[in-house]
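Asks: Sequence first, predicted model second:
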Amino acid sequence: MNTPMDKPTSRRDFLKTSAILGSALAAPAILPGKLFGAETNGETLKVGLIGCGGRGTGAATQALNADKNVVLWAMGDAFEDRLQGSLKALKDDKDVGSKVKVDPEHCFVGFDAYQKVIDSGVDVVLLTTPPGFRPMHLKAAVAAGKHVFCEKPVAVDAPGVRSVLASAEEARKKKLSLLSGFCYRYSKGERELVKRIHDGEIGDVTSIYNSYNTSPVWCHPRQEGWTDMQAQMRNWYYYTWLSGDHIVEQAIHNINKMAWVMNDVAPVKAIAVGGRQVRTQPEFGHIYDHFAVVYDYPNGVKGIHMCRQWENCANEGLDWGTGTKGSYKIVPFQSQELKVTGGNTWKNLFKNQKNMYQVEHDEFFASIRSGNPMNDGKMMADSTLVAIMGRMAAYTGEVVTWDQALNSQEVLAPEKIDWDVKLTEPAVAIPGKTKVV
């Protein structure tokens, strides 16, 4: 870390913003006219990127490709090197480099960089930091009247989910567009498949199975001179307060598709298993490396989810379900298929459709230009809670109900968010001993 944080953040600040910010959320929006029906005057939309990792850089590229009159205006990250690496990659991109208008005065580093980006004169913000910060960043962006792309997941604990639900409602009242990072909702093939399911082509859904069995992600060994906070932030994936664990951060894509098939009706309860079987070394923090969850829905349907991050093992990414008249199957990035018993089979190949990451940004910016805001808020919050619910059930060994998950008071963030704060390594959850809070 080359530049220290400008000011520390307490857990109280992390959970809920100040009274001033709360008042701003409650107040009527006073926004520039160009944000509504902006196509009538062709004004430039300025984008701010908050979180400059690989996903943030990709989201910025898609945003710049989504509209002919948009520029990247400001960038913020906790780390200087991440920001500069992203900035260089975007400037070097032959398709969007000419739209990168980020001068040194609009490069912000530190835990308060998000607010500086929001305050820099941008119209749209892209939230792509580690997800533990998402509720706070979303709340600030909506308070300031910004349109928001909010990468998944949108929280790591129930207080964060409740905050996101409140921010989404404020965005709706202010007529701000709010796009989630649940990209499969913007895939042509998945849209057609789910429409056919909802139209009854396979009858009533009776069971669902989905998996996200893959290899481990990156790890950055702790370097001499790093503080505890720097070490955890550099390896945010392995700390639940930052990532939510991999069932929440990664496998949630397939959990979201299950929720979609179920018309976003919340499951009643979940029971699960999980643990650290392979990835047990201290550099991997305290998250699990495998989960299996059974979700019970109000209509009696069981949704079964499994995920793992193991090396040298068979991988599987699959969405599969049965109905009273047929079945469906999705192989991510390959195909979508629906079979009617004794009837026709519908199939779509992923390669024959437009990039879903680009489609979501195309629709996002079109909604801003048209003055007809989109709002993924409740969907993205509910799917995040479904994943958190599964994690809670695995960590504790208990049956966790939807109401328990939604009303949980467990706060995962440390008391103080500061580069020099002393952090203990969190204990690995032990089913039967770890409790639902």
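Replies: Yep, it's here. Quick caveat: nothing in here was measured; it's all calculated off a predicted structure. Numbers count the residues shown, from 1 in each chain.

Asks: Can you give the domain ranges for the chain?
Replies: Annotated domains of the chain cover 9-182+361-376, 185-356+384-407 [automatic domain parsing].

Asks: Pull the distance from the shortest one to the chain's centre.
Replies: The offset between the C-alpha centroid of domain 9-182+361-376 and the centroid of the whole chain comes to 13 Å, using C-alpha atoms, centre = their mean, to the nearest Å.

Asks: Now do it, average pLDDT.
Replies: Mean pLDDT, domain 9-182+361-376: 88.

Asks: Likewise for stretch 392-408?
Replies: The model assigns stretch 392-408 a mean pLDDT of 98.

Asks: Next: stretch 252-270.
Replies: Mean predicted confidence for stretch 252-270 is 98.

Asks: quick revisit: deepest of the domains of the chain, which one?
Replies: Highest mean neighbour count among the domains of the chain (mean count of other C-beta atoms under 10 Å): domain 9-182+361-376, with a mean of 20. All C-beta spots, glycine's among them, are computed from the backbone N, C-alpha and C.

Asks: Can you report phi and psi for Val428?
Replies: Phi and psi for Val428, reported as degrees, to the nearest 10, are phi -70, psi 130.

Asks: any idea whether the residue lying closest to Val428 once chain neighbours are set aside is helix, strand or coil?
Replies: Among residues not flanking Val428 along the chain, His286 sits closest, at 4.8 Å (C-beta to C-beta, 6 or more residues apart in numbering). At His286 the chain is in coil, as set by DSSP: H, G, I helix; E, B strand; the rest coil.

Asks: didn't His286 look like it was pressed against Thr424?
Replies: No - using C-beta atoms under 8 Å, His286 is not in contact with Thr424; the gap is 10.5 Å.

Asks: ok, back up a step: which residues does the residue nearest to Val428 contact?
Replies: Taking C-beta atoms under 8 Å, 6 or more residues apart in numbering, we find His286 in contact with Tyr238, Tyr239, Thr240, Glu425, Pro426, Ala427, Val428, Ala429.

Asks: Of the domains of the chain, which is nearest Ile417?
Replies: With distances scored as C-beta to C-beta, the stretch of the domains of the chain nearest to Ile417 is domain 9-182+361-376 (3.9 Å).

Asks: can you give me the helices in the stretch 1-150 of the chain?
Replies: Ranges of helices within the stretch 1-150 of the chain are 11-15, 19-26, 54-66, 80-92, 113-118, 134-143, based on DSSP state H, counting those that start in this stretch.

Asks: Make CSV from the contacts of His286 and add secondary structure to it.
Replies: As requested, the contacts of His286 are exported to CSV (three-state DSSP):
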residue, secondary structure
Tyr238, helix
Tyr239, coil
Thr240, helix
Glu425, coil
Pro426, coil
Ala427, coil
Val428, coil
Ala429, coil
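
Asks: so which of those comes closest to Gly58?
Replies: Of the contacts of His286, the one sitting nearest to Gly58 (C-beta to C-beta) turns out to be Tyr238, at 22.0 Å.

Asks: so what's the closest residue to that closest one other than its chain neighbours up against?
Replies: Excluding the flanking residues, the one nearest Tyr238 by C-beta to C-beta, 6+ apart is Gly285, at 2.9 Å. Gly285 makes contacts with Gln232, Asn235, Tyr237, Tyr238, Tyr239, Glu425, Pro426, as judged by C-beta under 8 Å, 6+ apart.

Asks: just those residues now: which is nearest Met379?
Replies: Closest to Met379, out of all of the contacts of Gly285 and judged by C-beta to C-beta, is Tyr237, at 24.2 Å.

Asks: these two touch, right, the closest one and Val248?
Replies: No - Tyr237 is beyond contact range of Val248, at 10.9 Å (criterion: C-beta under 8 Å).

Asks: Now the element after the one helix or strand His253 maps to, going C-ward?
Replies: Using DSSP states H and E, His253 sits within helix 252-261. Remark: after helix 252-261, the chain's next helix or strand is strand 269-275, criterion DSSP H and E.

Asks: Can you name the next helix or strand after that next one?
Replies: Strand 269-275 is succeeded, C-terminally, by strand 290-296 (DSSP H and E).
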